[in-house]
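Visitor: Could you work out the structure for the sequence below:
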Amino acid sequence: MFTRKIVPLALMSIYGFSLSVSAEETAAPSTEKITITAPVVVTATRMEQNSFDLPVSIDSIDSEKIRDGQLQANISESLVRIPGIVAQSRGQYAQDIQISSRGFGARSQFGVRGIRLYADGIPLTMPDGQGQAGTFDLGSAKSIEVMRGPFSALYGNSSGGVVQIFTEDGPPDLTLGGSFTAGSYGTQRSSVKVGGTSQEFNYTANYSHLESDGYRDHSAVRRDLFNAKLGIQLNEDNHLTIILTDLDQPVSQDPLGLTKPQWSTNPKQAVASAYTFNTRVQKSQTHLGVKLDHTIDEDNTISVVAYGGERQNTQYLPTTVFAQTSGPGSGNGALYSSGGLSKINRDFGGIDLRYVHKGQLADRPYNIAVGTNFDSMTDERTGYNNFIGGSTCGVNATCGVQGALRRNESDNARNFDQYVQGQWSPLERFDVIAGARHSTVDISSNDHYLSNGNDSGSVTFQKTTSVIGAIFKVTPAFNLYANAGKGFETPTLIEMAYNPSGAAGLNFGLKPSTSNNYEIGAKAFLGDNTRANIAIFKTDTENEIVTATNSGGRTTYKNATTTSRNGFEASVDSTLNYGFTAYAAYTYIEAKYNDAFRTCVGNAPCTVGNTTIPSDNYIPGIYGQSLYTELAWKYVPTNFSTAFEVRANSKMYVNDLNSENAPGYTLLNWRGGFTQKLQQWKVSEFVRIENIFDRNYVGSVRINDANSQFYESGAERNWLAGLNASYTF
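Guide: Residues are numbered from 1 along each chain as shown. Here you go, the predicted model:
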């Protein structure tokens, strides 16, 4: 149904309009000729190259698309336009957005996993593979690069895809700006930005404050984010860049997931336990990074990145008093419970050293990058009861507060990697890129709370991954490419935290998953004003990490046998006449378990699996089909711009059993605004309306929830209005 109706309709609407505009050319040809180009990217090869000439699926989103008519609060606002990527805003800020790349990362319960996140070269994914995108500052972003497919593996553990944000440089002259945006549900965002250049110094800094009551009940948030970048040209051969980011998010209420009847009846509601335990998260993070670029000569450069930071996270969970105080049973009770309040104090840091050389081999150009990096994190993790007193909240117990200590441990994860990547053009129209990376990941835990057993231990994972790709330049406007590679994904500290059997000790039997990835594709310029990309991909994974048990406030994991993810993605970007532009991105993916396995379903005690997941079941959390289209118009004489956006997704299974699913949906959004320039002033205003037809839809899901509270509601029709102003001195 989705394919037969939504996809053709959206594509026909865009290109039907394109043809109508072209037809008007005959009567009144445009005097303006705009040529569309492919963006220059660095994530694929770690040096600047035109994305059109790379055998890689990679897209870049520029600052105009990031900020035009957007709240600039979540990276999902921008990633929605990238094929192969699903970025789901949960509608609340207690947990990070859900990001998956060709199905990798879809199962994440907390934060982002399976995808590597970077900000100006600083990894925001920790050595165990878990990351957070909440510190991405969209207000000062120059671009976001998104890479999918086999070449992502060259970034190491858990790199099913790579998302990297780059902070803009300061403008030539001192510029001071500010913005204010308000909208539905008491949403407000304000920011102040300054930037400029002074002799050898280039600088930009942005501070933003966000607050909202949230669409759903009990989903309020308050957040302050600061991001600054300072560039110093030390001398002709050395450039130093300093990046500082600080996040303070003291209020993040969690309305929890809903059952399907609850979602259908009242999608705005929060479940009762959200109020009983006042479920919420308090988080903060500060990190500082320094990058030194040294030019030896025109063919040889060295770069060094060093960074460090700290993160605090306090989360109040809805774990019942009974689950925390009942007998040990299957390992979910008093003897083994870690409570319903989790605190993490994290220190992290690392260094990356890279050497890049350009030269000639057999009179044909080549380049090679060789590097090594070390990353480390230490978590001081404690758990407490989320109540004080007796067994009944509101009667003889006070719930949603810090109670007795139930967990106290030091967790560590470190990786030490070496990598090499090279590109050679043996023929005028034929390029080859290959690379390899060896990763060593050490994970350890030192348990300080021994009354429920000693969970101390350590484990080391090692893997060498390799990729190779080639691109054939059929014509200057048409390229064919293919690539293949191996990837791996270690279990995170959270996934290893508990043993499925209920016994003491971390789940050291959990193995990394490994994957073989293949891709073929084409890139083409259709005339001067249209660029098209298409890619067909196949991924086969062994030892996929899946849910083993989910009961009593804790989730444990196990390895399934094999899975497959097959599909294709396509995008078309057109610059039309009379100020019109059109864009469409489509993804199809079939992600399945190849073999049956047993797991625990429901909240009853279970250790060995009470349910068989059949082979050929779909992996939950992955849309079978996704579509994003945009038709925009800019009227230069008045500096007016407007756009309609269509976002459509097919149904998504929410559990391994495939017994429930989030229905498919189609949303229509609109934005419009003006820009004025008067001497040194630049002022712009915008209005945005989302979900124009007021559809009831599921915005994100909680995979394999034991209470069947899988669904997090997307917002009804809502609006934003914003004002931006800047002054150049």
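
Visitor: Show me where the protein has its helices.
Guide: Along the chain, the segments classed as helices by DSSP state H run 7-27, 63-67, 76-79, 260-265, 272-276, 321-325.

Visitor: so where is this structure shaky, pLDDT-wise?
Guide: 1-34, 327-336, 502, 504, 551-553, 603-605, 607-608 (pLDDT under 70).

Visitor: Contacts only, for the most centrally placed residue in it.
Guide: Centroid check for the chain by C-alpha atoms, centre = their mean gives Ile99 as the closest residue, at 4.1 Å. Contact analysis of Ile99 by C-beta atoms under 8 Å, 6 or more residues apart in numbering lists Ile75, Ser76, Leu79, Ile85, Val86, Ala87, Gln88, Gly105, Val112, Ile115, Ala133, Val163. Every C-beta, even on glycine, is put in place using the N, C-alpha and C of the backbone.

Visitor: Tyr384 now?
Guide: Gly339, Gly340, Leu341, Lys343, Gln402, Gly403, Ala404, Leu405, Arg406, Arg407.

Visitor: Of those residues, keep whichever come out buried.
Guide: Gly339, Gly340, Leu341, Lys343, Gln402, Gly403, Leu405, Arg406, Arg407 (16 or more other C-beta atoms under 10 Å).

Visitor: can you redo those residues as a markdown table with distance to Lys523?
Guide: Listed next are the buried ones among the contacts of Tyr384 as a markdown table, based on distance: C-beta to C-beta, whole Å:
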| residue | distance to Lys523 |
| --- | --- |
| Gly339 | 53 |
| Gly340 | 51 |
| Leu341 | 51 |
| Lys343 | 48 |
| Gln402 | 55 |
| Gly403 | 58 |
| Leu405 | 57 |
| Arg406 | 55 |
| Arg407 | 51 |
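
Visitor: one step back: report the two of the contacts of Tyr384 separated the most.
Guide: Within the contacts of Tyr384, Lys343 and Ala404 form the most distant pair, 13.5 Å apart (C-beta to C-beta).

Visitor: Pairing partners for the closest residue in space to Ala477 that isn't next to it in sequence in the sheet, please.
Guide: Nearest non-adjacent residue to Ala477, counting by C-beta to C-beta, 6 or more residues apart in numbering: Phe525, 4.1 Å away. With DSSP bridges applied, Phe525 shows beta-bridge pairing to Arg531.

Visitor: Can you tell me how far Phe525 is from Glu145?
Guide: The gap separating Phe525 from Glu145 is 20 Å, by C-beta to C-beta, to the nearest Å.

Visitor: For Ser198, give its distance to Gly231.
Guide: According to C-beta to C-beta, Ser198 stands 11 Å off from Gly231.

Visitor: Settle it for me: which of those two has more neighbours?
Guide: Gly231 (20 against 10; other C-beta atoms under 10 Å).

Visitor: who's that one bridged to?
Guide: Under DSSP bridges, the beta-bridge partners of Gly231 are Asn202, Thr241.

Visitor: Compute the distance between it and Ile388, please.
Guide: Distance, Gly231 to Ile388, by C-beta to C-beta: 52 Å.

Visitor: Just to check, Thr575 is in contact with Leu526?
Guide: No. In this structure Thr575 lies outside contact range of Leu526 using C-beta atoms under 8 Å: 11.3 Å.

Visitor: Might you report the residue contacts of Leu341?
Guide: Contacts for Leu341 (C-beta under 8 Å, 6+ apart) come out as Thr314, Gln315, Tyr316, Leu317, Gly383, Tyr384, Asn385, Asn386, Gln402, Gly403.

Visitor: phi, psi of the last one?
Guide: Right, the one you point to is Gly403. When read as degrees, to the nearest 10, the backbone of Gly403 gives phi -110, psi -140.

Visitor: so what's Thr712 up against?
Guide: No Thr there; residue 712 is Glu. Glu712 neighbours (C-beta under 8 Å, 6+ apart): Arg90, Gly91, Gln92, Arg216, Pro255, Gly257, Leu258, Val698, Gly699, Ser700, Val701, Arg702.
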